[in-house]
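Peer 1: Pasting the sequence and the predicted model now:
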Amino acid sequence: MSTCTALIIPADLAEPARVETIDAGLETLQTLVAGNIEAVTINDWHFYLNEEGKILNLAPNRRAAQLVLEETGVLADVYCGDVVVLGETADGDEADVPEHLIDTAQQLFGLHQPA
């Protein structure tokens, strides 16, 4: 079991994006994205989303796409459903979401952070 700080970005724009401490195990990740997970890796971070998001016609996650575009300059896909962003250790294990992503997310769309 690995406890990490995650950036959770709901596809529903009415729900706030938030920073939350989670158990980064498979069951928790599947619960957060409402199904089997697909990983998208970008440099020192990655995110999980529902692997069948497009097939299930889940809503596009515009904020996740905005974050990817801002951080990489490239948007290669449409991401559907809720997204969970985590960091990555040198050996590929889960880690806390990098602080620069939290800062970028705060600037782009604001975050709900626990007190």
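Peer 2: Looks like it arrived, so ask away.
Peer 1: Settle this for me: Cys42 is touching Thr72, isn't it.
Peer 2: No, residue 42 isn't Cys; it's Ile. Yes: proximity of Ile42 to Thr72 meets the contact threshold set by C-beta atoms under 8 Å, at 6.0 Å. For the C-beta atoms, the positions are set from N, CA and C on the backbone; glycine is no exception.
Peer 1: Compare those two and say which is more crowded by neighbours.
Peer 2: Ile42 (15 against 11; other C-beta atoms under 10 Å).
Peer 1: tell me the contacts of Gly87?
Peer 2: Counting by C-beta atoms under 8 Å, 6 or more residues apart in numbering, Gly87 makes contact with 4, 44-45, 94-98.
Peer 1: Could you point out which of those is nearest to Ala17?
Peer 2: Val97 (11.4 Å; C-beta to C-beta).
Peer 1: Many thanks, have a good one.
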